[in-house]
Structures are given as C-alpha cells and as structure tokens.
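Just the structure for this:
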Amino acid sequence: MDSRRLTAAEKGKGPLQPDHQQPRKRIRAPEIDTSALIMENNLTLIGRISNPREQPIGALISSLPRKWSLKGTVVGSDLGQNCFQFRFELEEDLLNVLANRPYHYAHWMLMIQRWEPTLSPLFPSQIPFWIRLHGLPLHYWHEKMIYNIGQDLGILEDYHISKTSARMRVSIDGFKPIIKDAIIEFGSGEELPVTLAYDGLENHCSHCNHLDHEVRRCPLLISAKTDDILASPSKGPEHQHHQRSSPSVRGVRNNYENPPARQQLPPTQSSDFSSRVDRHGRPFGERAPVVPPRGQPLRNKVTPHFPHTAGTNVDHISYQSRHDRNHGTMEQHPGGQQQARGNPIRHDSRPQWRVRRVESPPPPTKVVLPPPPLQTSEHPPPPPGTKSCGM
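Here you go, the predicted structure:
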C-alpha cells in the first residue's frame, strides 16, 4: 500500500485554471466633449495601494488626510481596483501634498499622482524618492554624473549636491522592483559599485525588491521551493509530512512511550563520595563538613508585664516574653527557680528577668495620749473683765 500523500494538483484542488480566456464584451464609446469634466477634476489626486492584503482603502481614506496640514476641505472616495481619489478645494493644499511625497499606510507604500486625462490602466504608478548615493568618489560628485544616474533609474525631478552628500529626487515605477545596487562603468574600462539608499522607503520584499509583497510571500521563492520539491524525490510529500512533526515533539512522544531506564550508580560510587567524578572526569574531592549554625534562634519581641500583687513595688517592673506568656505563667519559687504552670522546670543558663519583691514597711503606730486632768477650785473663776486681788 502506497502511503504517499497526494498533492493538491493530483487531488484536483486549488484555483480553477481555465484552458481558454473568458470572452469579454466589447462596447463602443461615443464621441463626447470632455473638456468641462477635465476642468472639474483638475484639483484631484489619484492614489493606488501597493499591498491590498495589508491596506484597507476605507480606513486609508479616513486616516490619510489627518497627516496633511490643509487649509480647505478634501473629499475622498474608493474607485475600485485598488485605487482611490481625493478632491481638494484649494490648489495650494494639493501642491503641498504632492511636494511631501512619498506616503505610506500600514507601513506599505502608496502611489499618489495628480489626476491626468489618460486611459492607461496602470495610472497611477509613480513614486518619487529622494535617493542618496553611497560609494561614489568625491571627485565624481558632479551634475552630469548625478543627472545620468537619475535618468537611468527613472524620471529625474531634482538633485542636490553638497560637501557632505549627493542625492537626487527620482520618480520610479511602483510596479517594478526598486534598484538598490548599481555598477558605474567608466571610459577607462573600470567599474565602480555604488549603493542607493531610499528615504521614506517602507516594507518591501528583500529578495526581489518589489513593493507589493513581503519576502515570505515572494513568488520567486515559492516557485523555487516547489521546483526543488518536485525535482528531489527525498523532498516529496512523505518528506514534508515527516518535517511537519517537530523534533522536540517527536522526542517527547518517544520518551513518553518508551521512557529511558534510570542509570544505576555502582555501589562504590554511591557509597564513597571522594571517588565520584563529574562529567569531565574530575573528582569531587572530600565532602565539605557541615558547619552547625551559630547564634541563638530569634525570639519574639519582649513586652512588659505589670503584676498586680500586694506588697510589690511598682517601680521594679517584671518583663515577660510573649513566648513565656503563651506557654504558661511563670511562678517564683524560694529556690530561685522559675516554673511554668503545667510545664516542667526549665533550666536555662541565659539571664532572665525576675520580679523583685520588696516588702513595704509597716504603717507607723499612732500613740494616743490621755486627756489632761481637769483643775478643781473652791472659788469660782472671776468673771471676765475683773482683776483678782492678792490676799
């Protein structure tokens, strides 16, 4: 039984490829005067997107005028076939928009030109770029040299030569691949490679330099891979099916179905540490001794405890840790040992806080003196205000 996977062409799938071209209806155009419509559409820009997959025209029409500093109004619409238009109120706004080209949307280039009364289906197609020359010797930064290079690349619109750079503004065809490298031939037979750097260039294919797709969708690479698959039998559908399974996934699947056996160490190697070696064959050596931890373990924060017992001086406060309070109330015994209720006597060599009991002195005794005796006399005391006469 053949387990080979059938291709899309063998299954009859894929887009329909008719053997003959579908017939088209031909319509005769009447002879009309278009001069009035030409004047009406004089302030109109026509644009074309380069990558329909990444550039929705509806969102482009609403967001592109926000990048322009316009004084008047502008109205945009979708013309179909990847084209759109903008009708301006002022010619000044239209000229400013054309001077600031090139434009891009969603990081893909746009072809924008002023409307022309043409019947070409490829209109618009021009994109003006400022191109800088890298690798051209300084003594060849001449107007004739820049002019010849610009004419070979496209339509030369302007150029600028200074002491630090040489660049030119060239309008190139957006349907053709851009030229990044060139070779300049001199009359002496010498050749000089130069590099062209495009200002404002966004996404494009790095393989064929086209502006309408990225490198992973390049038709040249796709066709080359298809030819290699069809030419090599080892890279047929069976090989593709084998490549779909990731090596990491296959390894996990094999380990799950057939788990590897654990490596058993020899008795001598597992018992004697000094005889063990690492993966480089070097011995581990003697085992490091285990150092006991130093210091005492941390205890909870000490909080004061105020005893309310008779005969205890309040100036001497007894402090008791939270650990001691949780494990029982400490009691003072005559022998100087502390014992918790319900717990055995703990002998701790660390200094501990103890309650200093100071007996208060007995209150002073009041001496009650007997009252003085009353004096008795035969004669009554003289009345107040009288003097007594001596006998």
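
for the protein, which spans come out with low pLDDT?
The chain contains residues with pLDDT under 70 at 1-3, 8-9, 12-21, 232-273, 290-349, 355, 358, 366-368, 373-391.

again, only this time at 80
Along the chain, segments meeting pLDDT under 80 span 1-22, 227-275, 284-391.

Break it into its domains for me.
Domain assignment for the chain by automatic domain parsing gives 37-124, 125-212, 215-243.

how about the biggest helix by length in the chain: buried residues?
Longest helix of the chain, by residue count under DSSP state H: helix 219-231. Counting neighbours by 16 or more other Cβ atoms under 10 Å, one finds that the buried residues in helix 219-231 are residue 229. To be clear about C-beta, it is placed using only N, CA and C from the backbone, and glycine gets the same treatment.

Alpha carbons of it, as PDB, please.
Extracted C-alpha coordinates of helix 219-231, given in PDB (Å, rounded to 0.1, in the frame of the first residue of the first chain):
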ATOM      1  CA  PRO A 219       6.500  34.300  -5.800                       C
ATOM      2  CA  LEU A 220      10.200  33.600  -6.800                       C
ATOM      3  CA  LEU A 221      10.900  31.800  -3.600                       C
ATOM      4  CA  ILE A 222       7.700  29.900  -3.600                       C
ATOM      5  CA  SER A 223       8.300  28.700  -7.200                       C
ATOM      6  CA  ALA A 224      11.900  27.800  -6.400                       C
ATOM      7  CA  LYS A 225      10.800  25.700  -3.400                       C
ATOM      8  CA  THR A 226       8.200  24.000  -5.500                       C
ATOM      9  CA  ASP A 227      10.700  23.100  -8.200                       C
ATOM     10  CA  ASP A 228      13.100  21.700  -5.600                       C
ATOM     11  CA  ILE A 229      10.400  19.600  -4.000                       C
ATOM     12  CA  LEU A 230       9.300  18.200  -7.400                       C
ATOM     13  CA  ALA A 231      12.800  17.600  -8.600                       C
END
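
Ok, which of the domains of the chain comes nearest residue 283?
For these, the distance to residue 283 is smallest for domain 215-243, at 44.8 Å, taking Cβ to Cβ.

did I read that right, residue 66 in a helix?
Yes: assessed with DSSP: H, G, I helix; E, B strand; the rest coil, residue 66 lies in a helix.

How much space separates it from residue 123?
Distance, residue 66 to residue 123, using Cβ to Cβ, to the nearest Å: 26 Å.

where exactly do the helices run in the stretch 101-250 of the chain?
Taking DSSP state H, counting those that start in this stretch to define them, one finds helices in the stretch 101-250 of the chain at 143-153, 219-231, 237-244, 247-257.

Can I take it that residue 79 is in a strand?
Yes: membership of residue 79 in a strand is supported by three-state DSSP.

Who are the contact partners of it?
Going by Cβ atoms under 8 Å, 6 or more residues apart in numbering, residue 79 touches 46, 85.

neighbours around residue 116, how many?
Residue 116: 12 surrounding residues under other Cβ atoms under 10 Å.

Would you mind measuring from the closest residue in space to residue 197 that isn't next to it in sequence to residue 218?
With Cβ to Cβ, 6 or more residues apart in numbering as the criterion, residue 197 has its nearest non-adjacent residue at 4.5 Å, and that residue is residue 132. Residue 132 is 26 Å from residue 218, where distance means Cβ to Cβ.

for residue 359, same thing?
Here residue 359 is placed at a distance of 105 Å from residue 218 (Cβ to Cβ).

out of these two, which sits in the more crowded spot?
The neighbour comparison of residue 359 against residue 218 (other Cβ under 10 Å) goes to residue 218, with 16 against 8.

I'd guessed the more buried one sits against residue 208; true?
Yes: using Cβ atoms under 8 Å, residue 218 is in contact with residue 208, at 5.7 Å.

Report how many residues lie close to residue 60.
By other Cβ under 10 Å, 19 other residues sit near residue 60.

cool, and residue 111?
For residue 111, the neighbour count with other Cβ under 10 Å is 24.

where's residue 58, which helix or strand?
For residue 58, the host element (DSSP states H and E) is helix 57-63.

CA atoms only for that helix, dumped as CSV, please.
The C-alpha coordinates for helix 57-63 follow below in CSV (Å, rounded to 0.1, in the frame of the first residue of the first chain):
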residue,chain,number,x,y,z
ILE,A,57,-8.9,51.6,1.4
GLY,A,58,-11.9,52.5,3.7
ALA,A,59,-9.6,53.1,6.7
LEU,A,60,-7.0,54.8,4.5
ILE,A,61,-9.4,57.4,3.2
SER,A,62,-10.4,58.5,6.7
SER,A,63,-6.8,58.5,8.2
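
what's it packed up against?
Judged by 3 or more Cβ pairs under 8 Å, 6 or more residues apart in numbering; DSSP states H and E, helix 57-63 is in contact with strand 74-80, strand 83-88.

buried sites along it?
57, 60-61.

still on that earlier bit, so which of the domains of the chain is nearest residue 364?
domain 37-124 (102.2 Å).

Span of that closest one from start to end?
19 Å (Cα to Cα, to the nearest Å).

can you give me the strands in the stretch 101-250 of the chain?
103-105, 108-114, 126-134, 155-161, 166-173, 181-185, 191-198 (DSSP state E, counting those that start in this stretch).

Minimum distance to residue 147: which of the ones you listed has it?
Closest to residue 147 of the strands of the stretch 101-250 of the chain is strand 155-161 (Cβ to Cβ; 6.5 Å).

and residue 104, bridged to which residues?
Beta bridges link residue 104 to residue 109, judged by DSSP bridges.

check contacts around it.
Taking Cβ under 8 Å, 6+ apart as the contact definition, residue 104 lies against 110, 200, 202.
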